[in-house]
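Q: Got a sequence here, can you model it:
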Amino acid sequence: MSMTRRELLHYFGVTAAGLAGPGCIGWTREEAIPVDSWHKSVCRFCGSGCETRVGVRGGKVVKVEGLQEGWNRGRLCIKGLLNREILYVSDRAQYPMVRKNGQLVRVSWDEALDAAAAGFREAIAQGGPDAVAYYGSGQLFTQESYTANKLFKGGIGTNNVDGNPRLCMASAAFGYKSVFGADEPSGCYDDIEHATTFFVIGANMAECHPVVWERVRDRLRTAPQTRVIVVDPRRTPTARDATLHLQLRPGTDVALLNAMAHELLRTGLVDRTFIDNFVTFRKGAADAPPLTREDFQKFLEDYAPEKVADLCGLSSAEIREAARLWGISQAVTSFWTMGLNQQTHGVAANRMMMALHLLTGQIGRPGPRPSP
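A: From the prediction side, this is the model:
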């Protein structure tokens with residue numbers, strides 16, 4: 001392709017508009033393209049992890065399609081479908097370049113690596129190991145992240161290692177660690193086929209994780225009685241499929257979740273056997289002294305739906321209905337992303353999402369799972 005990145009992005013937009021019909025995740029079928037070999041891979045544009053198969057011919061990628069046997073069932077969104085095209089845009093970097101006299105000039109790999117090493121060596125000589133830093137990406141493989149950490153922490157001797165995953169997932173990671181003792185979400189995508197209620201908060205899955213959302217919509221098509229609760233200040237494409245859309249005021253997520261917990265306990269829509277056997281109430285750190293369920297209920301008295309309704313920009317009836325739909329469900333699968341994580345109360349919001357699952361025993365079996 002001879003287009004630039006800017007032209008390609010414009011092409012994305014035009015193409016996406018053509019595919020904007022409800023549930024349309026696909027592409028016009030191409031004529032058969034000769035392929036020498038197929039290779040399994042994973043799309044790394046977002047965190048969904050769609051499985052792909054890559055067709056190679058003459059040392060070049062000529063086709064990328066969804067893997068039918070993968071969890072995504074052969075589906076790819078517009079970004080995944082263009083994994084092939086983006087490799088060959090005209091302004092893609094294809095070789096190392098070093099700036100000389102104000103202009104980027106093509107150089108050999110040896111010269112580029114020498115220039116990078118010299119820059120690091122000079123900075124460290126002037127300011128010590130902490131004068132340099134490494135900023136990575138959530139798209140790195142485990143081995144790549146390990147190597148970078150080994151180089152900067154073990155070799156250079158600096159702790160200045162960071163990446164965009166901290167902004168994305170620090171709240172969820174700390175929430176999981178403090179609630180469950182491990183940063184590892186339970187469950188899998190197959191839980192979607194067992195869910196009877198989906199609770200989506202701080203996420204616009206239809207646009208940001210469309211292939212996952214298509215699996216949710218598969219469930220809605222095969223089990224029309226399945227409910228969807230969407231918590232989002234905006235009327236998003238995700239909210240179009242909602243049984244209940246809570247358009248709360250931004251930044252009031254924790255108050256809403258506390259109010260739902262209050263209502264679940266008040267109405268008895270909790271799993272007391274599960275709580276007695278598996279749940280310990282604590283305030284703050286995991287090593288804080290345990291509290292009773294009564295202590296927790298007393299804390300939640302300030303979050304009764306009628307007390308937080310105005311704060312959240314909702315009616316108390318809407319909050320009660322959200323809690324009721326959660327409480328009567330046989331299997332709640334919850335999804336959240338940056339709308340919950342990237343806020344000043346992100347850890348508290350994550351903890352309360354997990355608390356709702358634990359209060360109702362919605363975890364540890366097919367269907368129910370908290371899914372950041």
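
Q: only C-alpha atoms for contact and neighbour calcs from this point on.
A: Noted.

Q: Output the longest helix belonging to this protein.
A: Scanning the chain for the longest helix, with DSSP state H as the assignment, gives helix 109-127.

Q: May I have that helix as CSV, with CA atoms only?
A: Extracted in CSV, the C-alpha atoms of helix 109-127 (Å, rounded to 0.1, in the frame of the first residue of the first chain):
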residue,chain,number,x,y,z
TRP,A,109,21.9,-1.5,13.3
ASP,A,110,25.4,-1.4,14.7
GLU,A,111,25.7,2.3,14.4
ALA,A,112,22.2,2.9,15.9
LEU,A,113,22.9,0.6,18.9
ASP,A,114,26.2,2.3,19.4
ALA,A,115,24.5,5.7,19.4
ALA,A,116,21.9,4.6,21.9
ALA,A,117,24.5,3.0,24.2
ALA,A,118,26.6,6.2,24.0
GLY,A,119,23.6,8.3,25.0
PHE,A,120,22.9,6.1,28.0
ARG,A,121,26.5,6.0,29.0
GLU,A,122,26.8,9.8,28.9
ALA,A,123,23.6,10.3,31.0
ILE,A,124,24.7,7.7,33.6
ALA,A,125,28.2,9.2,33.8
GLN,A,126,26.7,12.6,34.5
GLY,A,127,23.8,11.7,36.8
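
Q: Which SSE is immediately downstream of it?
A: strand 134-136 (DSSP states H and E).

Q: who does the longest helix of the chain touch, helix- and strand-wise?
A: With contacts defined as 3 or more C-alpha pairs under 8 Å, 6 or more residues apart in numbering; DSSP states H and E, helix 109-127 has these neighbours: strand 97-100.

Q: Partner strands of the strand it packs on and their direction?
A: strand 103-106 (antiparallel) (DSSP bridges).

Q: residue ranges for the helices of the stretch 101-250 of the chain, please.
A: 109-127, 142-149, 164-180, 205-208, 210-222 (DSSP state H, counting those that start in this stretch).

Q: if you average pLDDT over the third one, what comes out?
A: When pLDDT is averaged along helix 164-180, the result is 88.

Q: Let's see that helix as PDB, backbone CA atoms only.
A: This file holds the C-alpha atoms of helix 164-180, laid out as PDB (Å, rounded to 0.1, in the frame of the first residue of the first chain):
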ATOM      1  CA  ASN A 164       1.400   2.200  30.400                       C
ATOM      2  CA  PRO A 165       0.000  -0.900  32.200                       C
ATOM      3  CA  ARG A 166       0.400   0.900  35.500                       C
ATOM      4  CA  LEU A 167      -2.000   3.600  34.400                       C
ATOM      5  CA  CYS A 168      -4.300   0.900  32.900                       C
ATOM      6  CA  MET A 169      -4.300  -1.800  35.600                       C
ATOM      7  CA  ALA A 170      -2.700  -0.600  38.800                       C
ATOM      8  CA  SER A 171      -6.100  -0.100  40.400                       C
ATOM      9  CA  ALA A 172      -7.400  -3.500  39.400                       C
ATOM     10  CA  ALA A 173      -4.100  -5.200  40.300                       C
ATOM     11  CA  PHE A 174      -4.000  -3.600  43.800                       C
ATOM     12  CA  GLY A 175      -7.700  -4.400  44.200                       C
ATOM     13  CA  TYR A 176      -7.300  -8.000  43.400                       C
ATOM     14  CA  LYS A 177      -4.200  -8.300  45.500                       C
ATOM     15  CA  SER A 178      -5.900  -6.800  48.600                       C
ATOM     16  CA  VAL A 179      -9.100  -8.800  48.200                       C
ATOM     17  CA  PHE A 180      -8.000 -12.200  46.900                       C
END
